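Engineer: fold the following and give me the result.
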Amino acid sequence: MPMERQSGGDPRDQSQEEDMDIGYDDNNVIQTFEGLEQRFLDDIMKLSKEQVDAEDAENARHRERINTINAQYEEQLSALRARHTTRRDEFLRKESVARQQHYQQMFMEFNPVASSAGESHIGYSSEPYVRERTRFPGGARDHRYESNKVPYPKGRAYNNDSGSHYY
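Structural biologist: Take a look at the predicted model:
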């Protein structure tokens, strides 16, 4: 009978051997409470380190994706700014050309002498310029000029919201 005990016929010996196979009992010494507590703390530290490493890897993936999205956004924003700059420049150019044509047309309508090439030059002392000349010499004021004031047109470029001003 002593041979049976040495060969492992006892069920308690088999459970201890299984524990050794699993890795819970590295040596045949009976575990103390402090030893079990240390093993438990080591397992917790190992699992928490694995969890932190997994979270760090996930955060790195998210950070990389956010950086990619930010780069795409910056590219789209710069393209949009370039389009807006082009459109603004085109709009300002067209508006400038239209104003220049309008002023030239107004000048031609107001001063028909300059528009006709066949007529001779009219001097400053001629009829159309006498009214303007009398406005400036000294103390005499031309009250006709002040009565002809018109309101300054409100415009988008002037942000004139405080009513009409006279100039």
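Engineer: just give me the longest helix of the chain.
Structural biologist: helix 33-110 (DSSP state H).
Engineer: for that one, name the packing helices and strands.
Structural biologist: Applying 3 or more Cβ pairs under 8 Å, 6 or more residues apart in numbering; DSSP states H and E, one finds that helix 33-110 contacts helix 112-115. No exception for glycine: its C-beta is placed from N, CA and C like everyone else's.
Engineer: what mean pLDDT would you report for the helix it packs on?
Structural biologist: Per-residue pLDDT over helix 112-115 has a mean of 60.
Engineer: for burial, what's the neighbour tally of L80?
Structural biologist: Counted by other Cβ atoms under 10 Å, the residues lying close to L80 total 10.
Engineer: separation between it and R88?
Structural biologist: 12 Å (Cβ to Cβ, to the nearest Å).
Engineer: now the protein, which segments are flagged as low pLDDT?
Structural biologist: Residue ranges of the chain with pLDDT under 70: 1-29, 112-167.
Engineer: can we see that at 50?
Structural biologist: 1-5, 28, 167 (pLDDT under 50).
Engineer: okay, now Q31: neighbour count?
Structural biologist: 15.
Engineer: so it, which of the three states?
Structural biologist: On the three-state scheme (DSSP: H, G, I helix; E, B strand; the rest coil), Q31 is labelled coil.
Engineer: how near is it to D43?
Structural biologist: 14 Å.
Engineer: now swap in E95 and tell me
Structural biologist: 76 Å.
Engineer: now V52
Structural biologist: 15 Å.
Engineer: got it, and R65?
Structural biologist: Taking Cβ to Cβ, one finds R65 at 33 Å from D43.
Engineer: again with R87
Structural biologist: 65 Å.
Engineer: next one: K94
Structural biologist: 76 Å.
Engineer: E90 - how many residues pack around it?
Structural biologist: The tally of other residues near E90 (other Cβ under 10 Å) stands at 10.
Engineer: next one: R39
Structural biologist: 13.
Engineer: next, the contact list for A71, please.
Structural biologist: Residues near A71 by Cβ atoms under 8 Å, 6 or more residues apart in numbering: none.
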